[in-house]
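Undergrad: My questions are about this predicted structure, shown below with the sequence.
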There are 2 protein chains.
Amino acid sequence: MNAIFGELDHPPRLLMGPGPINVHPRVLRAMSVQLLGQFDPEFTAYMNQTMALYRQVFETQNRWTFLINGTSRAGIEAAMVSVLAPGDHAVVINAGRFGLLLMEIAQRCGARITTVEAPWGSVVDANAVEDAIKRVRPRLVAGVYGDTSTTIAQPMSEIGALCRHYDTLLYVDATATLAGMPAPVDAWGADLVTAGLQKCLGGPSGSAPITISERAAEHIFSRRHVERGLAGAPAMEPKGERIASNYFDLAMIMDYWSERRLNHHTEAASMLYAARECARLVLEEGLPERFARHAQAGQAVVAAAQAMGLEVFGDPAYKMTNVTAIHIPTGIDGERVRARMRDDFEIEIGSAFGSLAGRVWRIGAMGVNARKHAILSTFAALEAVLRQEGFSVRGGAGVDAALSVYQGS
Amino acid sequence: MNAIFGELDHPPRLLMGPGPINVHPRVLRAMSVQLLGQFDPEFTAYMNQTMALYRQVFETQNRWTFLINGTSRAGIEAAMVSVLAPGDHAVVINAGRFGLLLMEIAQRCGARITTVEAPWGSVVDANAVEDAIKRVRPRLVAGVYGDTSTTIAQPMSEIGALCRHYDTLLYVDATATLAGMPAPVDAWGADLVTAGLQKCLGGPSGSAPITISERAAEHIFSRRHVERGLAGAPAMEPKGERIASNYFDLAMIMDYWSERRLNHHTEAASMLYAARECARLVLEEGLPERFARHAQAGQAVVAAAQAMGLEVFGDPAYKMTNVTAIHIPTGIDGERVRARMRDDFEIEIGSAFGSLAGRVWRIGAMGVNARKHAILSTFAALEAVLRQEGFSVRGGAGVDAALSVYQGS
């Protein structure tokens, strides 16, 4: 007996967690556009446009700027496995769950790892990174610019400069910040930067924009091995240690995105349509304007929380604008609050990972939701729910404080 | 200066190549549905429904039936890297480009590979597979059920029985056949089977359905290492050799799709919506009806080609129903024909890989395009183009022959 279930039919939910967030309606519409063949000139033109769009979003001149077909984690793994061969040294900046993820992926690449650590909620000192670089002379330094688990953004300019000075490659995971906070790849001097659509870019998870510097591309191409069974692939002597993944072999993926169009995967066209539309929206708004909108939204969230007598987690000097962690008051069951927010108000806020699980909520204000109405509705709901749960809040305090930020008072 | 480009705006193109093909309108609409949070009960219900739907599509009882977030190639790599540790023996059935791909991926897993080969256009003898199994006692036998490069489907029942007999795991790549030709996973005795949406399932590339038998899951879980930084993850002693990929670590991905819901990636929700709707369409139509529709479409393609004096490539006893390779007549430039088909008729037919490049076209009739009007239009166009290119065809021969198949005469 077949169980076929019904059509997709769920309430419109305001997604104010650390991502995914609500997708911009234009991006939803882009995904409903009919396909083209993957080597159709119209489609390869879209691919080239997508490259040009993401160069602007990443603020880079990098020729190699394209999409990995997978979630943001796919972008991270593609960058690391294509650079790191077994035995290579890597320095990993670790001050949150996604720093741990970088370590874990580097370990699976067989790299020898040196970590530079800081407690969750703070950043790593660039001097400590320099010490580690001097000690092991790594192939790669890797860090997260905006770790949603801690809401902290590790500054990257100094680390980029160090990596240039010591001739090591720098990988930055900008999943949670790209198009929400400044992430100027070339100004940083970063060599590989990846992201996802489901945060400040305002799209769905499933496509990972990546940009790669010339010197990183050169290293990756030194490991290139062209797949058998491809016609027209010029005979090339296998060089360097073969990249341990086929799917994430950036040398092959760059061949696919180049004029050579060597077949690799079948590009996920609907996700490319989504990624392209996300970038168009970002650039139509303008990067500075978009950063300012996210910054203002973040200020409103912090102001509302504090006015309600709630404490914001983490070093404010390095706090991401687009995600805010708020301590769960003593005696309040954080998961009950989240369930009531969802059940009574159709609003989702986030829980937390690791040592912060059960201790903070995470409230995101990103993409289409980095807007006044979304923040006001969220704090009106949170106030009502907290009151129901027995936490005393002055009526309207949070909403009024958020409004004040928008009214510039 | 920003270059933002215009909206997506391309001609409606009939995609009659080996995939991707035109997406069913209901699948396009499903992708335009707004998101939910990834641990929202409404969303996890969709995940569970998707598992139940694909159990029916794969004709399996396997609990572990879900989606890999990437293209069909991502599904292949997830299956192989999660099973094969460095030094493991693998027997790979290779009679086409995608057999070569299985070899290439198994090599990157560090496996010791024994191939059983057949010329493109034919199948491998099960006795040769048995000999190889007896010789090396592999961890895994891997083969392709429907290699679009050759249009041949390797029979899997006997090989499944062999793998059960010799207690080895069987992986089958059913990307190009699932929901178009019978691929009864449990009846075969296959342990891991993967697919993609962009062929007979009638969706876009970017999500890879996978199913995993209990014994394969047991082996994979024996290599489980839970990620640091996850709260609530029970302490588990690392066992077995760690899977070389984080993104494709099926043990972690199964934890994510289980009641434990251990966070791994952020599920690509829009692609899940697409995959779910593809399966609903398949099951509403009914598997036998859908297989018959694809078989009839394949007969119509072959009849039309032969009536036009064109020769069909490959052993007809094992030919896939949904893709047909047609020899390019002597003196005809295959790429010029494809360009005219596209430019004059907005119809795409496929080129070929490897030794068949320049020698055959590949015509697919899959999903929404495994229908009379699509085949008639394609052959009407092909006749006109071939005549323009100087190849003599009796007017209407192809279209009439295809119509005859549909009229049962």
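TA: Nice, I can see it. Residues are numbered from 1 along each chain as shown, chains lettered A, B, ... in the order given.
Undergrad: For residue A:395, grab the count of nearby residues.
TA: Using other CB atoms under 10 Å in any protein chain shown, residue A:395 has 10 neighbouring residues. C-beta: built from backbone N, CA, C; applies to glycine.
Undergrad: before we move on, what about residue A:34?
TA: For residue A:34, using other CB under 10 Å, the count is 18.
Undergrad: for the stretch 301-409 of chain A, what are the low-confidence residue spans?
TA: Applying pLDDT under 70 to the stretch 301-409 of chain A flags residues A:409.
Undergrad: Get me the contact residues on it for chain B.
TA: Residues of the stretch 301-409 of chain A lying close to chain B (CB under 8 Å from any CB of the partner chain) are A:342, A:348, A:352-355, A:357-358.
Undergrad: Could you pull out the buried residues of stretch A:197-204?
TA: Neighbour counts over stretch A:197-204 (16 or more other CB atoms under 10 Å in any protein chain shown) mark A:197-204 as buried.
Undergrad: quick one: the strands in the stretch 51-200 of chain A?
TA: Using DSSP state E, counting those that start in this stretch, the strands of the stretch 51-200 of chain A run over A:64-68, A:89-94, A:112-117, A:140-147, A:152-153, A:169-173, A:192-194.
Undergrad: what's in contact with the second one?
TA: Surrounding strand A:89-94, the residues in contact under the criterion CB atoms under 8 Å, 6 or more residues apart in numbering or on different chains are A:80, A:84, A:99-100, A:102-103, A:106, A:109, A:111-118, A:124, A:129, A:132-133, A:136-144, A:154, A:159, A:168.
Undergrad: pLDDT of it, averaged?
TA: Strand A:89-94 shows a mean pLDDT of 98.
Undergrad: tell me the SS of residue A:278?
TA: helix (DSSP: H, G, I helix; E, B strand; the rest coil).
Undergrad: In contact with it: list those residues for me.
TA: A:24, A:27, A:179, A:197, A:201-203.
Undergrad: Let me see the ranges of the helices in the stretch 251-400 of chain A.
TA: Remark: helices assigned in the stretch 251-400 of chain A by DSSP state H, counting those that start in this stretch are A:269-285, A:287-307, A:334-345, A:372-388, A:397-407.
Undergrad: In the stretch 251-400 of chain A, which residue sits closest to chain B?
TA: residue A:268 (2.9 Å; CB to the nearest CB).
Undergrad: Pull the number of nearby residues for that residue.
TA: 31.
Undergrad: okay, the nearest residue to it once chain neighbours are set aside: pLDDT?
TA: Once flanking residues are discounted, residue A:268 sits nearest to residue B:206: 2.9 Å by CB to CB, 6 or more residues apart in numbering or on different chains. pLDDT recorded at residue B:206 is 98.
Undergrad: Residue B:66 versus residue B:206, what's the distance?
TA: The gap separating residue B:206 from residue B:66 is 15 Å, by CB to CB, to the nearest Å.
Undergrad: can you check residue A:105 too?
TA: The value you get for residue A:105 to residue B:66, if CB to CB is used, is 22 Å.
Undergrad: With mean neighbour count added, can I get the strands of the stretch 51-200 of chain A in TSV?
TA: Formatted as TSV, the strands of the stretch 51-200 of chain A follow (neighbours: other CB atoms under 10 Å in any protein chain shown):
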stretch	mean neighbour count
strand A:64-68	25
strand A:89-94	27
strand A:112-117	18
strand A:140-147	28
strand A:152-153	26
strand A:169-173	27
strand A:192-194	28
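Undergrad: residues from the stretch 101-250 of chain A in reach of chain B?
TA: A:101, A:103-105, A:107-108, A:149, A:196, A:198, A:204-206, A:227-232, A:242-248.
Undergrad: can you do 10 Å?
TA: A:101, A:103-110, A:120, A:149, A:175, A:196-199, A:203-207, A:225, A:227-233, A:242-249 (CB under 10 Å from any CB of the partner chain).
Undergrad: which of those count as buried?
TA: Buried among those by 16+ other CB under 10 Å: A:101, A:103-109, A:120, A:149, A:175, A:196-199, A:203-207, A:225, A:227, A:229-231, A:233, A:242-249.
Undergrad: follow-up on the earlier one: just the ones of the contacts of residue A:278 in helices?
TA: In this view, those that belong to helices under DSSP state H are residue A:27.
Undergrad: Give me the mean pLDDT for stretch A:241-254.
TA: On average, stretch A:241-254 scores 96.
Undergrad: Any idea how far apart the tips of it sit?
TA: From its first residue to its last, stretch A:241-254 covers 18 Å (CA to CA, to the nearest Å).
Undergrad: what about it, distance to the chain center?
TA: Offset of stretch A:241-254 from its chain centre (CA atoms, centre = their mean, to the nearest Å): 22 Å.
Undergrad: and what of stretch A:99-109?
TA: The answer for stretch A:99-109 is 16 Å, by CA atoms, centre = their mean.
Undergrad: tell me the mean pLDDT over that stretch?
TA: So the average pLDDT for stretch A:99-109 ends up being 97.
Undergrad: Could I have the CA atoms of that stretch written out in CSV?
TA: What follows is stretch A:99-109, C-alpha atoms only, in CSV (Å, rounded to 0.1, in the frame of the first residue of the first chain):
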residue,chain,number,x,y,z
GLY,A,99,36.3,25.9,14.6
LEU,A,100,36.0,22.3,15.9
LEU,A,101,34.5,21.4,12.6
LEU,A,102,37.5,22.8,10.7
MET,A,103,39.8,20.6,12.9
GLU,A,104,37.7,17.6,12.3
ILE,A,105,37.7,18.0,8.6
ALA,A,106,41.5,18.8,8.5
GLN,A,107,42.0,15.6,10.6
ARG,A,108,40.1,13.6,8.0
CYS,A,109,42.4,15.0,5.3
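Undergrad: so how many other residues sit close to residue A:78?
TA: 27.
Undergrad: wait, what's in contact with it?
TA: A:68-70, A:192, A:194, A:208, A:210, A:212, A:220, A:243, A:245, A:247-250, A:253, B:247 (CB atoms under 10 Å, 6 or more residues apart in numbering or on different chains).
Undergrad: If we use 8 Å, what do you get?
TA: Contacts of residue A:78 (CB under 8 Å, 6+ apart): A:68, A:194, A:208, A:210, A:245, A:248, A:250, A:253.
Undergrad: Identify the residues contacting the second one.
TA: In this structure, residue A:194 makes contact with A:68, A:72, A:75-76, A:78-79, A:171-175, A:208-211, judged by CB under 8 Å, 6+ apart.
Undergrad: What are the structural domain limits within chain A?
TA: Here the domain assignment for chain A is A:25-282, A:287-407, based on automatic domain parsing.
Undergrad: Which among the ones you listed is found nearest to residue B:187?
TA: Minimum separation from residue B:187 across the domains of chain A (CB to CB) falls at domain A:25-282, 28.3 Å.
Undergrad: For that closest one, measure first residue to last.
TA: End-to-end for domain A:25-282, by CA to CA: 14 Å.
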